[in-house]
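Trainee: Let me see the structure of the following:
(one chain, ligands or ions: 2)
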Amino acid sequence: MASLRASGVTVVFGGKRALDEAGFAAESGGITGLIGPNGAGKSTLFDVVSGLRRPQAGAVILDGHDITRATPARRARRGMARTFQRLELFGRLSVRDNLRVAAELGARGRESGRTADRILERIGLASHADTAADSLPTGAARLLEVGRALAGRPRVLLLDEPAAGQDADETRRFAALLRDVAADGCAVVLVEHDMGLVMSVCDQVYVLDLGKVVASGPPEEIQQDQTVLTAYLGEV
Ligand code: ADP
Ligand code: MG
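Mentor: Residues are numbered from 1 along each chain as shown. Ligands and ions are numbered 1, 2, ... in the order given. Sure thing, here's the model as predicted:
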């Protein structure tokens with residue numbers, strides 16, 4: 001089981017508040033959505049949670065441990081994995097080898113081949129196993145990035161716009177994959193612009209604007225929140 005909580009997170013860039021006492025909570029078995037217009041602070045919040053940026057104020061608590069000052073490596077050892085809005089694949093390696101490298105980093109040793117094959121099936125890219133990662137279409141490349149994160153068997157998975165560039169069919173399969181990963185006990189946190197996907201898979205949704213959480217609740221409530229509807233859902 002995993003429980004992640006970020007609270008009161010404030011990040012200032014040259015006098016401008018990218019995050020202003022923002023936070024969210026995510027639990028094992030759940031999918032938590034973070035939405036909001038471009039520049040709202042979603043990726044910066046992921047940077048703070050994954051340890052790539054130290055906040056001026058606030059705390060990140062994983063399973064009751066304060067990890068606000070822990071290194072990204074330490075957070076990874078505690079079971080946290082993330083993907084990036086800008087893809088970070090090994091372009092010249094095949095799809096399968098990208099997964100194997102990730103599985104080896106996850107200390108699975110000789111099992112890395114089997115882990116890679118299992119994930120290839122799970123993310124639906126078995127037919128692309130030998131394709132070089134940099135010749136994948138964007139939607140498939142994003143799936144591979146999620147697959148690499150899964151290779152380390154994370155307990156907390158942070159996904160930054162994973163469905164960007166996916167077609168409708170890929171997004172449908174991706175939604176099923178996310179539900180499956182959550183059902184396995186992972187706490188999934190999803191930053192995504194595809195509202196159909198967010199509202200169909202998330203248990204809780206947080207709406208960020210100008211660095212603040214302006215609404216949070218189950219998708220049914222968020223979809224009916226007039227402030228959210230008029231100010232944000234129309235433009236994201
Ligand atoms: P989102 O992911 O919601 O689109 P970001 O977290 O990327 O938003 O950005 C939030 C705000 O912080 C934006 O105004 C952005 O320009 C600013 N910002 C992000 N990263 C930096 C940085 N490294 N230096 C200065 N400003 C930044
Ligand atoms: Mg972003």
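
Trainee: Distance check, residue 44 against residue 140.
Mentor: 27 Å (Cβ to Cβ, to the nearest Å). To be clear about C-beta, it is placed using only N, CA and C from the backbone, and glycine gets the same treatment.

Trainee: from what I can see residue 68 touches residue 60, true?
Mentor: Yes. Using Cβ atoms under 8 Å, residue 68 is in contact with residue 60, at 4.9 Å.

Trainee: Those two: which has the busier surroundings?
Mentor: Counting neighbours by other Cβ atoms under 10 Å for residue 68 and for residue 60 shows that residue 60 has the greater number, 24 against 18.

Trainee: how about that one, what does it touch?
Mentor: Residue 60 makes contacts with 4-6, 9, 48-49, 66-68, as judged by Cβ atoms under 8 Å, 6 or more residues apart in numbering.

Trainee: Name the residues that touch the helix or strand harbouring residue 20?
Mentor: Secondary structure assigned from DSSP states H and E places residue 20 in strand 16-27. The contact list for strand 16-27 (Cβ under 8 Å, 6+ apart) reads 1-12, 32, 34, 41, 44-45, 48, 55, 57-58, 156, 187-189, 204, 206, 208, 210-213, 216.

Trainee: now those residues: which count as buried?
Mentor: Buried by 16 or more other Cβ atoms under 10 Å: 2-6, 9-11, 32, 34, 41, 44-45, 48, 55, 58, 156, 187-189, 204, 206, 208, 211, 213, 216, out of these.

Trainee: biggest helix in this protein, by residue count?
Mentor: For the chain, the helix with the greatest residue count under DSSP state H is helix 168-183.

Trainee: Show me what that one is packed against.
Mentor: Packing partners of helix 168-183 (3 or more Cβ pairs under 8 Å, 6 or more residues apart in numbering; DSSP states H and E): strand 31-35, helix 138-151, strand 187-191, helix 195-201.

Trainee: What are the buried residues along the helix or strand of the chain at the bottom of the mean pLDDT ranking?
Mentor: When the helices and strands of the chain are scored by mean pLDDT, DSSP states H and E, helix 226-228 comes last with a mean of 78. Across helix 226-228, burial judged by 16+ other Cβ under 10 Å covers residue 228.
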